[in-house]
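# Quick one: sequence plus predicted model below, questions after.
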Amino acid sequence: MIGITLGDPAGVGPEVILKSVAEMSAQDRAQTRIFGNIATLQAVAEMLALPIRPGIDVAVTDLPIDGAPLPMGQMDPRGGDASFRFIEAAVRAAERGEIGCIVTAPIHKEALNLAGHHYDGHTGMLAALTGGKAWMLLASDRLKVIHCTTHVSLKDAITRITPERVLDTIRQGDAHLRRIGYDNPRIAVAGLNPHCGEGGLFGDEDTRYIAPAVAQAQAMGINAHGPISADTLFYRAYNGAFDLIVAQYHDQGHIPVKLVAFDTGVNVSVGLPIDRTSVDHGTAFDIAGKGIAKHINMQHAIAYARKLAAGRNR
């Protein structure tokens, strides 16, 4: 069973979920549960004229929202609170073994924080709810990237790069790829500075922190390489030289993936005691409620979730 959280009910989450469910096979739909609000889902299904009856044609764990359905495309703390409760309910269901993977629709960080849930996004929230530690991995057909740091300033990201953190990220990426079927993942570690510091001319972090971590990973039998200058690495990986890149900070990894797979890239939380995938886009308040949101990203996130659930015993 795959659990899909509604995300912010005023965003495009309800729309892309229902469009995806409508195109599922009967078998896949029977193995899908939405954690959300039935009043919102019913309103969106009616707006889209979809032949889907939430709670009848697809299972729904219904959680109340005061005043639901909320106005579409408007930031509201009620939506932020609801999005947290949807995720919390799905996490507990996953911990009980009722669902094999969580797929999350986008949340609105400002609404979430205004509602009193102070997280930087899904990854930090899931880590707090499960007591685990999470890494963000972006997956597409030809380019996969796992991040050493994510939602921190660039200045803070640099200070967080340590041999231990880089090694942990390499190990998490290796374990994830093995789980989804790679026998000997080829992992490339991006340098932090231009040209990996050019022998100390542009900084020494690459030789002090990143290179030792790669050497330790190799000693553990991991097929790791680096540090490699980021200005050529992503091109090489995209053309098949590597299976996964370890990026040192948020934009170093996000920009290339979103350039080549904006509609199909999947956000995966790695290292948690539960499995989670997500769309790689936001709430899109500007088009919410207009029936024009693309759902291909949600379909890819669901497909990746089913792959993870199938590889649970790998």
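Arrived safely, thanks for sending.

# contacts, neighbours, all on C-alpha from now
Noted.

# Distance check, M47 against T207.
Distance of M47 to T207, given as CA to CA, to the nearest Å: 57 Å.

# Between those two, point out the one with more neighbours.
More crowded of M47 and T207, by other CA atoms under 10 Å: T207, with 18 against 13.

# just checking, the more buried one is part of a strand?
No: when classified by DSSP: H, G, I helix; E, B strand; the rest coil, T207 is found to be helix rather than part of a strand.

# and it, what pLDDT?
At T207, the pLDDT value in this model is 96.

# and it, what does it touch?
Residues near T207 by CA atoms under 8 Å, 6 or more residues apart in numbering: C196.

# give me that answer again for 10 Å
Counting by CA atoms under 10 Å, 6 or more residues apart in numbering, T207 makes contact with G191, L192, C196, G197, E198, G199, G200, A213, P227.

# mind checking which helix or strand the last one is in?
This points to P227. In this assignment (DSSP states H and E), P227 forms part of strand 224-228.

# Mind telling me what element the residue nearest the centre of the chain is part of?
Nearest to the geometric centre of the chain sits N267, at 2.4 Å (CA atoms, centre = their mean). According to DSSP H and E, N267 maps onto strand 266-270.

# Show me what the helix or strand just after that strand is packed up against.
Reading on from strand 266-270 to the C-terminus, the next helix or strand found by DSSP H and E is strand 276-279. With contacts taken as 3 or more CA pairs under 10 Å, 6 or more residues apart in numbering; DSSP states H and E, strand 276-279 sits against strand 2-5, strand 101-104, helix 122-130, strand 135-139, strand 266-270, helix 296-310.

# tell me the mean pLDDT over strand 276-279?
95.

# what does stretch 132-146 give?
95.

# That stretch: end-to-end distance?
17 Å.

# Check which residues of it are buried.
When burial is assessed from 16 or more other CA atoms under 10 Å, stretch 132-146 yields the following buried residues: A134, W135, M136, L137, L138, A139, S140, R142, L143, K144, V145, I146.

# quick one: which two of those are the most distant?
Farthest apart among those by CA to CA are A134 and R142. That separation is 23.0 Å.

# From V268, how far out is the closest residue to K144 other than its chain neighbours?
Leaving aside its sequence neighbours, K144 sits nearest to L244 (CA to CA, 6 or more residues apart in numbering; 5.0 Å). Separation of L244 from V268 (CA to CA) stands at 13 Å.

# got any residues that touch both of those two?
In contact with both L244 and V268: L137, L138, A139, I146, using CA under 10 Å, 6+ apart.

# With distance to H108 added, can I get those in a markdown table?
Compiled in a markdown table, the shared contacts of L244 and V268 are given as follows (distance: CA to CA, whole Å):
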| residue | distance to H108 |
| --- | --- |
| L137 | 20 |
| L138 | 19 |
| A139 | 22 |
| I146 | 23 |
